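Peer 1: Quick check, what structure comes out for this input:
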Amino acid sequence: MKPTIEQQLWMYKHMVTSRYLEESLLAVYMEGKTPVFNMGEGPIPGEMHLSNGQEPCAVGVCAHLTPTDVVTSYHRPHHVAVAKGVDLNRMVAEIMGKKTGLSGGRGGHMHLFDPTVNFSCAGIVAQGLAPAVGAMLSRHLQKKPGVAVAYLGEGATNAGAFHESLNLAAVWNLPVLFVVEDNSWGISVSKAQSTAVPRNDARAAGYGMPGVYVPGNDADAIFDAAGEIIERMRKGGGPALMELETYRLAGHFVGDAEGYRPEGEKEALQAKDPIPAYSKRLIETGALTDDSDRELVQAAHAKVDAAIAFGRESSYPDPEEAMQHVFA
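Peer 2: Coordinates of the predicted model:
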């Protein structure tokens with residue numbers, strides 16, 4: 001299932017948007033945190049996990065989804081949120097803790113929730129998988145259509161929730177696609193040191209579902225593989241697992257010294273940045289010209305700039321709102 005030119009341009013636009021969003025958020029995040037890094041300072045306190053380098057994993061899959069399909073993600077969610085169509089203004093406001101945010105500023109960047117496009121994420125490892133299974137069980141009982149995609153990092157495949165969720169999805173034959181983004185590092189622990197199998201797509205067989213591995217961090221290849229799986233799921237084919245080779249171009253979180261990486265690894269990965277590589281491919285095939293590429297990038301940047309301005313200009317919640325929408 002090869003992407004059309006329109007689909008390729010859609011994927012490229014969303015990769016560019018995601019990357020510039022994170023670059024812009026990083027600039028805001030670092031305000032007040034220099035010259036001595038203090039995670040609690042600045043307009044965005046706390047941790048910040050960037051997905052730069054992993055954008056193909058989001059667009060290649062989400063290009064096949066509709067707003068009614070369900071997507072859950074994990075603590076590195078921005079690229080997936082952008083590809084699923086989460087409102088950028090409200091997303092940035094949420095990350096900044098503002099009243100106009102997706103959850104009124106209560107969730108922050110690891111707990112983005114947008115019911116208008118059926119997107120959510122969780123900061124706890126592997127905890128987005130069971131809700132994806134539950135959403136499809138609900139659809140099944142109500143005889144409603146749709147598929148779910150549950151994103152996770154390769155480190156989460158060693159958590160109990162991963163195995164429980166795959167098992168129940170298979171038992172109930174639910175249309176859930178588990179997408180493992182394999183960037184080789186679970187925080188500072190390599191996949192080789194933590195996982196008994198070299199590739200997690202092999203684990204799918206233990207639950208009677210197809211397992212697919214896509215190397216190269218290539219949006220078109222991911223689109224091709226995901227399209228076949230999602231088409232099969234929409235026809236009642238049950239769950240599946242994809243493991244996608246990808247690259248984390250930055251640390252686990254902002255401020256990570258990355259001393260665990262082998263010498264030269266980060267520089268080598270920067271040379272494989274998927275966005276300029278995809279731009280070059282689209283220009284070579286005639287899908288883009290230098291001028292249309294420039295226009296697309298400028299439009300994406302303008303949209304992000306407007307979202308950052310919206311977040312900055314929005315008000316913080318009133319103190320008395322702190323106990324609203326919580327269970328006592």
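
Peer 1: Can you show me the helices along the chain?
Peer 2: 5-29, 55-62, 78-84, 88-95, 129-141, 160-171, 191-194, 219-234, 265-270, 274-285, 290-313 (DSSP state H).

Peer 1: Point out the one among those helices that comes closest to Trp185.
Peer 2: helix 191-194 (7.3 Å; C-beta to C-beta). C-beta: built from backbone N, CA, C; applies to glycine.

Peer 1: For the helices of the chain, please prepare TSV with the additional fields mean neighbour count and mean pLDDT.
Peer 2: As requested, the helices of the chain are arranged in TSV below (neighbours: other C-beta atoms under 10 Å; pLDDT from 0 to 100):
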stretch	mean neighbour count	mean pLDDT
helix 5-29	20	98
helix 55-62	29	98
helix 78-84	28	98
helix 88-95	24	98
helix 129-141	19	97
helix 160-171	19	97
helix 191-194	13	91
helix 219-234	20	98
helix 265-270	13	92
helix 274-285	16	98
helix 290-313	15	98
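
Peer 1: CSV for these, including distance to Ala148?
Peer 2: Listed next are those as CSV, based on distance: least, C-beta to C-beta, whole Å:
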stretch, distance to Ala148
helix 5-29, 20
helix 55-62, 11
helix 78-84, 12
helix 88-95, 20
helix 129-141, 4
helix 160-171, 9
helix 191-194, 25
helix 219-234, 9
helix 265-270, 30
helix 274-285, 25
helix 290-313, 27
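
Peer 1: OK, contacts around Ala226?
Peer 2: 60-61, 63-64, 177, 179, 242 (C-beta atoms under 8 Å, 6 or more residues apart in numbering).

Peer 1: same thing but 10 Å
Peer 2: By C-beta atoms under 10 Å, 6 or more residues apart in numbering, the residues touching Ala226 are 1, 57, 59-65, 149, 177, 179, 212, 214, 240, 242, 244.

Peer 1: what about it, distance to Ala302?
Peer 2: Going from Ala226 to Ala302 by C-beta to C-beta, to the nearest Å gives 29 Å.

Peer 1: and if you look at Thr68?
Peer 2: Thr68 sits at a distance of 29 Å from Ala302 (criterion: C-beta to C-beta).

Peer 1: Isn't Met242 up against Glu154?
Peer 2: No - using C-beta atoms under 10 Å, Met242 is not in contact with Glu154; the gap is 11.8 Å.

Peer 1: Determine which residue lies closest to the centroid of the protein.
Peer 2: Val80 (3.0 Å; C-alpha atoms, centre = their mean).

Peer 1: Verify the stated contact: that residue with Cys62.
Peer 2: Yes - with contact defined as C-beta under 10 Å, Val80 reaches Cys62; the gap is 7.0 Å.

Peer 1: any shared contact partners between those two?
Peer 2: Applying C-beta under 10 Å, 6+ apart, one finds that Val80 and Cys62 are jointly contacted by 71, 119, 149, 151, 179.

Peer 1: Of these - the most surrounded one?
Peer 2: Counting neighbours by other C-beta atoms under 10 Å, Val71 leads the shared contacts of Val80 and Cys62 with 31 neighbours.

Peer 1: ok, and the closest non-adjacent residue to Asp182?
Peer 2: Glu154 (4.1 Å; C-beta to C-beta, 6 or more residues apart in numbering).

Peer 1: Report the contact partners of that neighbour.
Peer 2: Residues near Glu154 by C-beta under 10 Å, 6+ apart: 180-186, 190-191, 194-195, 199-200, 243-246.

Peer 1: same check, this time on Leu25
Peer 2: 44, 48, 50, 78, 91-92, 95-96, 109, 254, 304, 307-308, 311.

Peer 1: Over to Glu265?
Peer 2: 184-185, 247, 258.

Peer 1: Repeat that for Val254.
Peer 2: Residues near Val254 by C-beta under 10 Å, 6+ apart: 22, 25-26, 29-30, 33, 37, 39, 44, 47-50.

Peer 1: How about Ala307?
Peer 2: Counting by C-beta under 10 Å, 6+ apart, Ala307 makes contact with 17, 21, 24-25, 87-93, 95.

Peer 1: and what of Ile124?
Peer 2: So Ile124 contacts 74-75, 110-111, 156, 159, 161 (C-beta under 10 Å, 6+ apart).

Peer 1: same thing with Ile44?
Peer 2: 25-26, 28-33, 92, 95-97, 108-109, 254, 311.

Peer 1: And the closest residue to it other than its chain neighbours, how close does it get to Met48?
Peer 2: Of all residues not flanking Ile44 in the chain, Tyr29 sits nearest, at 4.5 Å (C-beta to C-beta, 6+ apart). Per C-beta to C-beta, Tyr29 is found 5 Å from Met48.
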